[in-house]
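Trainee: Predicted coordinates and the sequence they were generated for:
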Amino acid sequence: MHRESIFLIGPMGAGKSTVGKFLAEKLHFEFVDSDHVIEERTGTTIPTIFDIEGESGFRDREEAVVDELTLLHDTVLATGGGVVERESNRQHLRSRGFVVYLKSPVENLIARTKHDRNRPLLQNDNPEQVLRDLMARREPHYLEMADLVVETQQASVFKVVKTIIEALKKENLA
């Protein structure tokens with residue numbers, strides 16, 4: 001018998017990879033980051049994929065990887081912030097595991113991503129406005145898909161993981 005996999009969604013800078021690693025360790029699950037899988041398979045970085053193939057090319061790659069990774073069992077999957085842009089990704093995530101939306105105010109996201117050069121959508125003159133626009137477009141999807149919403153702005157990684165595990169226990173998933 002397998003336990004349901006956990007899928008972490010939310011904007012860039014919300015802590016999906018950090019939380020995902022600790023959560024996987026506590027649950028004795030495998031941790032997988034969809035962006036890292038894409039980079040491993042292409043042999044290059046996400047910004048380079050964006051430069052060569054554009055966002056659309058990256059989203060095609062992401063869609064294929066998410067379809068594959070959501071079939072794994074006993075896995076904590078950290079997804080890219082834009083994974084919710086495509087309906088097929090939303091369907092796979094919703095139907096194949098327990099979806100946790102790591103929610104954080106835009107001000108926190110700006111602070112966390114300010115110096116990160118590995119976020120191609122923020123490499124412009126007004127990254128704050130880009131983040132606000134992305135959140136306006138994506139948050140309805142995050143909320144609609146989530147089995148659990150966890151606020152991350154003032155919580156330690158350990159508290160966030162504890163909150164998720166408690167929710168999983170209530171659902172008889174942990």
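Mentor: Thanks, I have it. Numbers count the residues shown, from 1 in each chain.
Trainee: only C-alpha atoms for contact and neighbour calcs from this point on.
Mentor: Will do.
Trainee: From the contact counts, what lies against the lengthiest helix in the chain?
Mentor: Ranked by number of residues, the top helix in the chain under DSSP state H is helix 46-69. Using 3 or more CA pairs under 8 Å, 6 or more residues apart in numbering; DSSP states H and E as the contact definition, the elements that helix 46-69 packs against are helix 34-42, helix 87-96.
Trainee: Make TSV out of those helices and add mean pLDDT.
Mentor: Formatted as TSV, the entries for those read as follows, by pLDDT from 0 to 100:
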stretch	mean pLDDT
helix 34-42	96
helix 87-96	96
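Trainee: can you put those in JSON lines and add mean neighbour count and distance to Leu27?
Mentor: Formatted as JSON lines, those follow (neighbours: other CA atoms under 10 Å; distance: least, CA to CA, whole Å):
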{"stretch": "helix 34-42", "mean neighbour count": "16", "distance to Leu27": "19"}
{"stretch": "helix 87-96", "mean neighbour count": "17", "distance to Leu27": "18"}
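Trainee: of all the ones you listed, which lies closest to Leu109?
Mentor: If you check each of the helices and strands packed on helix 46-69 against Leu109 by CA to CA, helix 34-42 wins as the nearest, at 18.1 Å.
Trainee: starting at the chain centroid, how far to that closest one?
Mentor: For helix 34-42, the distance between its averaged C-alpha position and the chain's averaged C-alpha position is 14 Å (CA atoms, centre = their mean, to the nearest Å).
Trainee: what do you get for stretch 167-174?
Mentor: Per CA atoms, centre = their mean, the displacement of stretch 167-174 from the mean C-alpha position of its chain is 20 Å.
Trainee: Could you give me the buried positions within that stretch?
Mentor: Leu168 (16 or more other CA atoms under 10 Å).
Trainee: what does that stretch rub up against?
Mentor: Arg3, Glu4, Leu27, Leu148, Ile165 (CA atoms under 8 Å, 6 or more residues apart in numbering).
Trainee: I'd like the mean pLDDT over it, please.
Mentor: With pLDDT averaged residue by residue, stretch 167-174 scores 85.
Trainee: and if you look at stretch 65-72?
Mentor: In this model, stretch 65-72 carries a mean pLDDT of 97.
Trainee: pull the CA atoms of it into PDB?
Mentor: Extracted as PDB, the C-alpha positions of stretch 65-72 are listed here (Å, rounded to 0.1, in the frame of the first residue of the first chain):
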ATOM      1  CA  VAL A  65       7.800  16.400 -16.300                       C
ATOM      2  CA  VAL A  66       4.800  17.200 -14.000                       C
ATOM      3  CA  ASP A  67       2.700  14.500 -15.800                       C
ATOM      4  CA  GLU A  68       5.500  12.000 -15.100                       C
ATOM      5  CA  LEU A  69       6.400  13.100 -11.500                       C
ATOM      6  CA  THR A  70       2.800  13.200 -10.300                       C
ATOM      7  CA  LEU A  71       2.600   9.500 -11.000                       C
ATOM      8  CA  LEU A  72       5.200   8.700  -8.400                       C
END
